[in-house]
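Trainee: dropping a prediction and its sequence here:
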Amino acid sequence: MLGIPRDLIFYMHIVTLCVAGCGVLIADKIGFSWFRGKVETLSLKTLARLHNVMGATLALMILSGLALFWPAREYLVAQPSFYIKMTFVILLILNSFAIDALMKVATHTPFKEVSSGKKRFLMISGAVSLCSWIGAGVMAFFLFP
């Protein structure tokens, strides 16, 4: 695709996954420090930068994934694990919008003062994010045994 060797696209996909993995770990570390009350609020600049990096890595993962998909499309569309992986990717995309709205709460409200409804939504969003990143990665291993 576009004259870029398939191996290079695959390595870009893997490197982007590694960057995303580091981003998830950093976001979780920052989020847990707020959740546990070690910090009252979080920096909007830090959260926005991290959210932008994670959005860019997700976009690059999707673009490189599309480039990898196209030559193998006949095989992939016959694999149930492909559809499971795509479900995780869709959840990541949808959850990114929730995270965009939710991260602002942590910039001005200590966790202990957040309403129970919002706390529940924050926990669900975090769980969806973590499970979807892990799920998409794991499902990739089932695509090409």
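Mentor: Right, received. Where do you want to start? Numbers count the residues shown, from 1 in each chain.
Trainee: who are the packing partners of the strand or helix carrying residue 63?
Mentor: Using DSSP states H and E, residue 63 sits in helix 44-69. Judged by 3 or more CB pairs under 8 Å, 6 or more residues apart in numbering; DSSP states H and E, helix 44-69 is in contact with helix 6-35, helix 80-102, helix 105-108. Heads up, the C-betas are built off the backbone N, CA and C, glycines and all.
Trainee: other SSEs contacting the last one?
Mentor: This means helix 105-108. helix 44-69.
Trainee: and the angle for the helix it packs on with helix 80-102?
Mentor: Here helix 44-69 runs at an angle of 160 degrees relative to helix 80-102 (axes from the mean of the first three to the mean of the last three CA atoms, to 10 degrees).
Trainee: could you point out which element follows helix 44-69?
Mentor: helix 73-76.
Trainee: buried ones in that next one?
Mentor: Residues of helix 73-76 classed as buried: residue 76 (neighbour count, 16 or more other CB atoms under 10 Å).
Trainee: show me the shaky parts of the chain.
Mentor: Applying pLDDT under 70 to the chain picks out residues 1-2, 145.
Trainee: list the residues that contact residue 110.
Mentor: 34, 37, 40-41 (CB atoms under 8 Å, 6 or more residues apart in numbering).
Trainee: what subset of those is buried?
Mentor: residue 34.
Trainee: identify the farthest-apart pair in the contacts of residue 110.
Mentor: Greatest spacing in the contacts of residue 110, by CB to CB: 37 and 41 (11.0 Å).
Trainee: let's have the helices and strands packed on helix 44-69 in a markdown table, adding distance to residue 51.
Mentor: Below are the helices and strands packed on helix 44-69 laid out as a markdown table (distance: least, CB to CB, whole Å):
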| stretch | distance to residue 51 |
| --- | --- |
| helix 6-35 | 8 |
| helix 80-102 | 6 |
| helix 105-108 | 11 |
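Trainee: out of those, nearest to residue 125?
Mentor: Per CB to CB, nearest to residue 125 of the helices and strands packed on helix 44-69: helix 80-102, 4.8 Å.
Trainee: which strands and helices sit next to the closest one?
Mentor: helix 44-69, helix 116-143.
Trainee: please enumerate residues in contact with that helix?
Mentor: 51, 54-55, 58, 61-62, 65, 76, 118, 121-122, 125, 128-129, 131-133, 135-136, 139-140, 142-143.
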